[in-house]
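Engineer: generate a structure from the sequence data that follows.
(chains A and B)
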There are 2 protein chains.
Amino acid sequence: MSRPRVLVIGGGFGGLSVVHGLRKADVDITLLDKRNHHLFQPLLYQVASAVLSPNDIASPLRAILAGQKNLTVLLGEAVAIDLTAKVVTARDPDGKSHALPYDRLVLAAGLATSWFGREEAWAPHAPGLKDLDDALALRHRVLSAFERAEWSAEAADRRRLLTFVVVGGGPTGVEMAGALAEIARRSLVSDFSRVAPAEARVVLVEGGAGVLGTYAPSLRQAALDSLLSLGVEVRLGQRVADIDENGVLVRLADGSEARIEAATVVWAAGLRAAPIAATLGTPSDRMGRLVVNPDLSLPGHPEVFVIGDLAAAKEPTDQWPGVAQNALQGGAFVARQIKAPPSQPAVYRYRDLGSMATIGRSKAIAEVGGVALSGRLAWLMWLFIHLMALVGFRNRVAVLGEWAWSYLTWQRHARIIRPEPRR
Amino acid sequence: MSRPRVLVIGGGFGGLSVVHGLRKADVDITLLDKRNHHLFQPLLYQVASAVLSPNDIASPLRAILAGQKNLTVLLGEAVAIDLTAKVVTARDPDGKSHALPYDRLVLAAGLATSWFGREEAWAPHAPGLKDLDDALALRHRVLSAFERAEWSAEAADRRRLLTFVVVGGGPTGVEMAGALAEIARRSLVSDFSRVAPAEARVVLVEGGAGVLGTYAPSLRQAALDSLLSLGVEVRLGQRVADIDENGVLVRLADGSEARIEAATVVWAAGLRAAPIAATLGTPSDRMGRLVVNPDLSLPGHPEVFVIGDLAAAKEPTDQWPGVAQNALQGGAFVARQIKAPPSQPAVYRYRDLGSMATIGRSKAIAEVGGVALSGRLAWLMWLFIHLMALVGFRNRVAVLGEWAWSYLTWQRHARIIRPEPRR
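Structural biologist: Here you go, the predicted model:
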């Protein structure tokens, strides 16, 4: 009998964790990803804000996994899954379709940006922040806005060009708003003759009553204080009603509307399951995430597992947080189930190792083991943990170098303007 | 009387040299460039071959020139020059036109790729190697070719995907062919399951009787030997008759034709003056370069200077080489003329500091002060000189790190596949 074929869709934290967990197993693994690299998403906003380069936070999957004998890596996109025939249809870079049969399937395709049904109208004006192209598109817009303002003789025009709106007060929105404020107030100050980058305005729009809704109240307040001290204009209880190329229309709680003229808008407000999930027809939650059994298998399909951000708990109140740790732990758990299927289905239990967010230089918040931390100590913890979690010694050293340089000089290194990537 | 306005078009070696030479002069300088960065072109092929990242060889102009009080940097493209009214029309990133009046004008816009009148048909299939977008487009094609081959079950298909044709045996073509051969034979070897990257084929097509036509015969032979030892198939005396998406048609000296099936073609065969030169209507040479007086001024316009690759000597036999040194020296010379206009026109004399090319690991050739060198010593010289010439301490350290890492591990770090940049 030939060895079981394990097909893993997605080379993020979850997918890598499964592949790694099976490195000595007597199976044939195929890892399918539409990108040729693993992306360290927690630092994506630092590419968008010109601190890091794409190569600092991305590692080729083939390089990470080089030497694993039971593995084939394929660059392509899963477009359909036949759960009955146990075959995934994948499209290669040339657009040709291929059938990939499996004995075990692991879905680790993660989440994509959601514009709440307004993708066509809003996405072109307000890119999300989920992959390198998003980050580079944003970097391009931010840096270009300053260049365009340098030409402009009209104050209103300059004001619009130097206004940056971040939609969404979760970790990504807060980190991006803090980074933008630092760029505007410090990094570019001396570089322009006509515009004073300190005139730049960063607006954070959040529909709820505070930022970082999932954190403890003391930390939420600390984050808000940090944003305000950086000069970020935080608008709470306001929702985005419309976005066009010249700005954002926000709706206040009382139903009144206000317009913010802005050339650059960052969308950090919504996520939904990767498109492949919707093709399965199995139960999913509001965000399209696939509902799983306690052992992370798909109901009715014990040979199919869902891990990381793509998995939804049966009870919404039990939902795991959308963090790398959940994907890593889920991947390791599923690898164990595949290596030695238990007689009784096991139960996946997420172990909370803490969560953290950074708002700017020496400003961060962290919750670890029930302890709330903020300020410089939290920031140093954030630095250390993210550096250690980066895949590969090579990236770790490069990022440490960039951070040290950026911290000491207040400069942003990755400031090359190139055309926005083609979609 | 207000201070003289000096307008410099182009932020390459020549433009930066003029701006730097005028840093203490009592003038108002405007530097106009269509890119926001200075590009270290001699290492562009290393971005194309996935050793370096764009940020390693590009520095923001504003960062390089930060602190120069008599300077304004503008991101935009010169589209017309009125020599009589002394006004340059520039287009800003939004496409709006602006009039930039000048008292002194320095043209340092350099060269662009020329496909010998076949741009429309050939350029999409055979990118040149003049800017970051070119280099990233090539990197994308090279890395994707291996990924596509990994999917393919047909040997002929795989052979086409793994064939890389470099057109042109000048320094760029030779360096690119050597780098491609190293990628194929070493860097990617262990990373693929189905394809053996060692099967890859690198073909260098050159119309002349040898590579590196401007070098001494002993060095040309050494370069050829190096290419052959790397497994490059060197086709001399063959000209490209056609290029399409599946390969190249070459014409031999006897008029017969042969086809090379190849998914990736690099165009390193032709250059012409930047488009702005043709709008002037003053005498130019075969490549569209502007013919200048011995003091680098435009005939009939003592207030306009042309430097670097864009300048043509009156006698073609006196033509300066297309190297960074000529641009740097020309820029310094012109800055002196502007600061203290001589009573008699001065004469620009290019001082040959030598030239060099690298073919691969420990393989290079160099001509310095009439002495010809090849092999490891030439390679170490090449490394040292290019490192020292890189603008900025920051880039120097980063590139040294990448090279050391690449040399020790045989790996290519900058292997992230992203969509080709939009043109």
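
Engineer: number of nearby residues for A:Asp92?
Structural biologist: Neighbourhood size, A:Asp92 [other CB atoms under 10 Å in any protein chain shown]: 17. To be clear about C-beta, it is placed using only N, CA and C from the backbone, and glycine gets the same treatment.

Engineer: and the pLDDT for it?
Structural biologist: Turning to A:Asp92, the model gives it a pLDDT of 95.

Engineer: residue contacts, it?
Structural biologist: By CB atoms under 8 Å, 6 or more residues apart in numbering or on different chains, the contact set of A:Asp92 is A:74-76, A:98, B:148, B:151.

Engineer: cool, A:Val304 as well?
Structural biologist: By CB under 8 Å, 6+ apart, the contact list for A:Val304 reads A:83, A:104-107, A:297-298.

Engineer: still on that earlier bit, out of the contacts of A:Asp92, which sit inside helices?
Structural biologist: B:148, B:151 (DSSP state H).

Engineer: most neighbours, which of the contacts of A:Asp92?
Structural biologist: A:Leu75 (25 neighbours).

Engineer: is it true that that residue touches A:His37?
Structural biologist: No. Look at A:Leu75 against A:His37 with CB atoms under 8 Å: they stay out of range, at 9.8 Å.

Engineer: anything in contact with each of those two?
Structural biologist: In contact with both A:Leu75 and A:His37: B:Ile417, using CB under 8 Å, 6+ apart.

Engineer: chain B contacts on the stretch 51-200 of chain A?
Structural biologist: A:53-55, A:58, A:60, A:62-63, A:66-67, A:71-76, A:92-94, A:96, A:98, A:132-133, A:136, A:143-144, A:147-148, A:150-151, A:188, A:190-194 (CB under 8 Å from any CB of the partner chain).

Engineer: just the buried residues out of those, in PyMOL syntax.
Structural biologist: Of these, the buried ones go into a single PyMOL selection, burial set by 16 or more other CB atoms under 10 Å in any protein chain shown:
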select buried, chain A and resi 53+54+55+58+60+62+63+66+71+72+73+74+75+76+92+93+132+133+136+143+144+147+148+150+151+188+191+192
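
Engineer: what about the residues of the stretch 51-200 of chain A next to chain B, which are in strands?
Structural biologist: Residues of these located in strands (DSSP state E): A:58, A:60, A:71-75, A:98.

Engineer: kindly reformat these as TSV containing pLDDT.
Structural biologist: Below are these laid out as TSV (pLDDT from 0 to 100):
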residue	pLDDT
A:Ala58	89
A:Pro60	88
A:Leu71	95
A:Thr72	95
A:Val73	95
A:Leu74	96
A:Leu75	96
A:His98	97
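
Engineer: tell me the two of those that are most distant?
Structural biologist: Maximum pairwise distance in these, criterion CB to CB, is 24.9 Å, between A:Ala58 and A:His98.

Engineer: tell me the mean pLDDT over stretch A:244-256?
Structural biologist: 94.

Engineer: what does stretch A:387-400 give?
Structural biologist: 73.

Engineer: list the buried residues of that stretch.
Structural biologist: Here stretch A:387-400 shows A:390-391, A:394-396, A:398-399 as buried, counting by 16+ other CB under 10 Å.
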